[in-house]
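[1] just to be clear, the model below is a prediction. Sequence and coordinates:
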Amino acid sequence: MAVRRSYTAVVERNQQWRGAFASEPYETAWASEAIIFVRCLNADSIAGAVSARVQLSPDGMHWCDEGSTLELPAAPDAVAFVRVSHFGGWLRLAGETPEGGTLTVIVYVNLKE
Amino acid sequence: MNDQHRPPHYTDPRLSRFDPLSRILYYDDFDDGINGWSELIGNYTGSLDNMLPEYRDMRPPMLSNLTMWDTGTAGSMDGTYALKLATRAQRGAIATSIKRQTFRKRGLIQLECYFSFKPEASELKLSELDVRAFGVLFDVQDGLNPELRWMPHLRYLNALDGQRVAQWQFKRETRPFTAIGEKTVSHFHLGPEGWGDVPVTRQELCYNEIASKMNWHYLRVTVDLESRRFLGFQCNDVRYDGDDLQVVQIPAMPNLSCMLNTAFWVETDADKRAFLYLDSVLLSGDF
């Protein structure tokens, strides 16, 4: 019996998000389901919820919202996730932190056939 | 060549395009998955913050079907997926992927691959000078009673500061060690310093005519683990002798006996992502 292939990519590691942000594009054409995890490493001057939008792309350069959103964790070591499927060839997260606020994050894209 | 003298792998459609040594340690066709090629990360202790800055963001590899904005999916050379290394869109950014093995005999090792490189097709321009370089390295340490760690590097310097170079280079030396905590050191060995030209005229590769057209190239690199030197390499129709190619040599380190790591990298010369694609990689040896 063949097992389903899976892969976890660390698309951002110890990355500071301040103002408008987007994770680096990641190719996902081989996968049919994904979980995007965000773990907070540090939060500075973050008051209230910060959300990120799952985005899709036909070419890795032009992006549109998939419709799913994720409330980002804003306390050290807190983790949040969003599940998506039927996403085509590329995935990323995009959003904006409140003015003056910084989130330091590690972001995983967990893919499965 | 008559049938009696034809190597058996010549009739295997997957292996026929390679010239392996007597035994194959691994053959990675990325239609089958990631095959152990992971992101390279620098050493750290206690916090990610004490990693050398150059190692902090060497990007995860991915499986790509080579989809272009203008022509759709090309697929890989043999199938659908290739391993893709992608830098950030920042001049000088590097993406690196590594496969970690050990060796069982200090003998010949040969790496072969089919590769292509390209900048992201984000401008309607030729962009042939936007990828600075790509390369391959081995990271080796002797086995029992290790005496030496040595790192043969080979890179194709495509362009620098917007000027075409098209020159194969080897690496002579790495940077001084930096202590990372009490038990660990780190040294960045992919910086711009310490490279020497392979003493042959430059070799121009097949970039093609727009940024979304990719041609596959053949590369073969042979090293001798016993004498710790390059024996030579071949890129497409040009064969290079190994006698003049130097390698990085550093003192042996704890916990690395018989290490045989192989890494590929790509570096961008523009504020644009640079991509290195590998259709397949074969490592063979005499063991």
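    Alright, I've got the coordinates. Residues are numbered from 1 along each chain as shown, chains lettered A, B, ... in the order given.

[2] for the stretch 101-250 of chain B, which residues are neighbours of chain A?
    B:Glu120, B:Ala121, B:Ser122 (CB under 8 Å from any CB of the partner chain). Every residue, glycine included, has its C-beta placed from N, CA and C.

[3] most neighbours among these, which one is it?
    B:Glu120 (24 neighbours; other CB atoms under 10 Å in any protein chain shown).

[4] residues in contact with that one?
    B:Glu120 is in contact with A:Gly60, A:Met61, B:Ala86, B:Ala89, B:Ala211, B:Lys272, B:Arg273, B:Ala274, B:Phe275, counting by CB atoms under 8 Å, 6 or more residues apart in numbering or on different chains.

[5] got it, and B:Asp142?
    Contact criterion CB under 8 Å, 6+ apart gives B:Arg106, B:Leu148, B:Arg149, B:Ala252, B:Ser257, B:Cys258 as the residues in contact with B:Asp142.

[6] if I look at the last one, how far off is A:Glu24?
    Separation of B:Cys258 from A:Glu24 (CB to CB, to the nearest Å): 35 Å.

[7] which one's more surrounded, the two?
    Set side by side, B:Cys258 and A:Glu24 give different neighbour counts by other CB under 10 Å, the larger being at A:Glu24 (23 against 17).

[8] which helix or which strand is home to the closest residue to that one other than its chain neighbours?
    Excluding its sequence neighbours, the residue lying closest to A:Glu24 (CB to CB, 6 or more residues apart in numbering or on different chains) is A:Val11, at 5.3 Å. When secondary structure is defined using DSSP states H and E, the element that contains A:Val11 is strand A:6-18.

[9] and that strand, what does it pack against?
    strand A:102-112 (3 or more CB pairs under 8 Å, 6 or more residues apart in numbering or on different chains; DSSP states H and E).

[10] for the strand it packs on, list every residue counted as buried.
    With burial defined by 16 or more other CB atoms under 10 Å in any protein chain shown, the residues of strand A:102-112 counted as buried are A:Leu103, A:Thr104, A:Val105, A:Ile106, A:Val107, A:Tyr108, A:Val109, A:Asn110, A:Leu111.

[11] tabulate the residues you listed (a markdown table), appending distance to chain B and pLDDT.
    Output for these, formatted as a markdown table (distance: CB to the nearest CB, whole Å; pLDDT from 0 to 100):
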| residue | distance to chain B | pLDDT |
| --- | --- | --- |
| A:Leu103 | 15 | 97 |
| A:Thr104 | 10 | 97 |
| A:Val105 | 12 | 98 |
| A:Ile106 | 8 | 98 |
| A:Val107 | 11 | 98 |
| A:Tyr108 | 10 | 98 |
| A:Val109 | 8 | 98 |
| A:Asn110 | 12 | 98 |
| A:Leu111 | 9 | 98 |
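
[12] so what pLDDT did the residue in the stretch 101-250 of chain B that chain A sits nearest to get?
    Ranking the residues of the stretch 101-250 of chain B by distance to chain A (CB to the nearest CB) places B:Ser122 first, at 5.6 Å. In this model, B:Ser122 is scored at 98, pLDDT.

[13] roughly how far does it sit from B:Ala159?
    Distance, B:Ser122 to B:Ala159, using CB to CB: 17 Å.

[14] then A:Gly100?
    40 Å.

[15] which one of these two is surrounded by more residues?
    Here A:Gly100 and B:Ala159 are set side by side on neighbour count (other CB under 10 Å), and the busier one is B:Ala159, at 17 against 11.

[16] done for today, thanks.
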